[in-house]
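Peer 1: Quick one: sequence plus predicted model below, questions after.
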Amino acid sequence: MSLQFASKISTAARFLGLAQARCFHCLRPFTPDAEKSSANSTSPPAGIFDTAASLCPSCRDLLVPYGGPRCPACGLPAPPPPRDCGTSQKAYQGSLCGRCLSNPPPWTQAAFYGLYRESLRHALLRLKFDGHLYLAPLLGAFLMEASRCLPGPDALLAVPQYPDHLRHRGYNQAHELAKALHVQTGLALFPDLLSRTRPGPAQVGLNARSRPENVRHSFAASPEVKGLHLWLVDDVMTTGSTLRAASLALLKVGARRVDVLVVARTPKEDMGFTGDNAPMVANGPKSHGSAT
């Protein structure tokens, strides 16, 4: 087939809408960039989700990863250093937040893709509460990008739900994310290594002091975790209380190392509470808040 004829076919397909895709985020039809669909472009390896071909240009700009300063232990975003503070940017990037200085997390490293705001928050809420499971591969690709700073694990697992809660919702959004990451990376997925042993009120609506107590002793790990390096996957980290409790359960039974991997991190100013003040979920009902 000549290049001229192929170009005519491509033009006709775009004119008829046959070359259009539907954006995974906004659901509007769009025509992928010509260079992405050309014969000379390199397709992602099998199993890898092609975010460039699955998001329209507008949504690609909205769903960008966070690249600012953060606590190296828990990922809490930090404000940029004052220009006259005399601290180098490199040193500032490695500064622990106050909570991690006083109460270090049990995991070794934490990684996240973006901030729990606006379009990324909306996508996660749709996955979690509206059953939009088709978003899991996209968000799993975000997890894969975020995980580049972590050493490879022996296995993946998700923060589990209590069985009654799982039956009520019908799925665990954290497991759907871990499953998508498993498909795209080929890493082993062991969902039965961790279970939730007791129910409790949703973390949404609890103050910062109550959240750790609400999830204390909520998890039990299998003896099979002994000696394993694990990536613990969840959708959002807010205070980190749920992830702390789950990590402690894994380490108590003998996991060699636990790293935390989430799609989004809630900035301190967006948590909506300080001290004992009750959290207020911005731009949405309470049922749509973060639960970790």
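Peer 2: Now that the structure is in, tell me what you want to look at. Residues are numbered from 1 along each chain as shown.
Peer 1: what's the closest non-adjacent residue to Ala21?
Peer 2: Pro32 (5.6 Å; C-beta to C-beta, 6 or more residues apart in numbering). Heads up, the C-betas are built off the backbone N, CA and C, glycines and all.
Peer 1: That neighbour: neighbouring residues, count only.
Peer 2: Look at Pro32: counted by other C-beta atoms under 10 Å, it has 19 neighbours.
Peer 1: what's the spacing between it and Phe49?
Peer 2: Noted for Pro32: a distance of 14 Å to Phe49, by C-beta to C-beta, to the nearest Å.
Peer 1: one step back: can you tell me the SS state at the residue nearest to Ala21?
Peer 2: coil (DSSP: H, G, I helix; E, B strand; the rest coil).
Peer 1: Cross-check the contact I'm expecting between it and Ala53.
Peer 2: Yes: counting by C-beta atoms under 8 Å, Pro32 sits close enough to Ala53 to count as a contact (4.9 Å).
Peer 1: if I look at the two, which residues touch both of them?
Peer 2: Listed as contacting both Pro32 and Ala53 by C-beta atoms under 8 Å, 6 or more residues apart in numbering are Ala21.
Peer 1: which residues in the stretch 101-250 of the chain form strands?
Peer 2: 110-115, 155-158, 194-196, 219-221, 229-237 (DSSP state E, counting those that start in this stretch).
Peer 1: Mind putting these into CSV with mean neighbour count?
Peer 2: What follows is the strands of the stretch 101-250 of the chain, written out as CSV (neighbours: other C-beta atoms under 10 Å):
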stretch, mean neighbour count
strand 110-115, 23
strand 155-158, 25
strand 194-196, 21
strand 219-221, 19
strand 229-237, 25
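Peer 1: Neighbours of Phe49, how many?
Peer 2: Phe49: 19 neighbours (other C-beta under 10 Å).
Peer 1: what sits against it?
Peer 2: Pro137, Leu138, Gly140, Ala141, Ala180, Gln184.
Peer 1: what do you get if the cut-off is 6 Å, keeping everything else the same?
Peer 2: Applying C-beta atoms under 6 Å, 6 or more residues apart in numbering to Phe49 gives the contacts Pro137, Ala141, Gln184.
Peer 1: Val258 and Gly68, how far apart?
Peer 2: Counting by C-beta to C-beta, the gap from Val258 to Gly68 is 25 Å.
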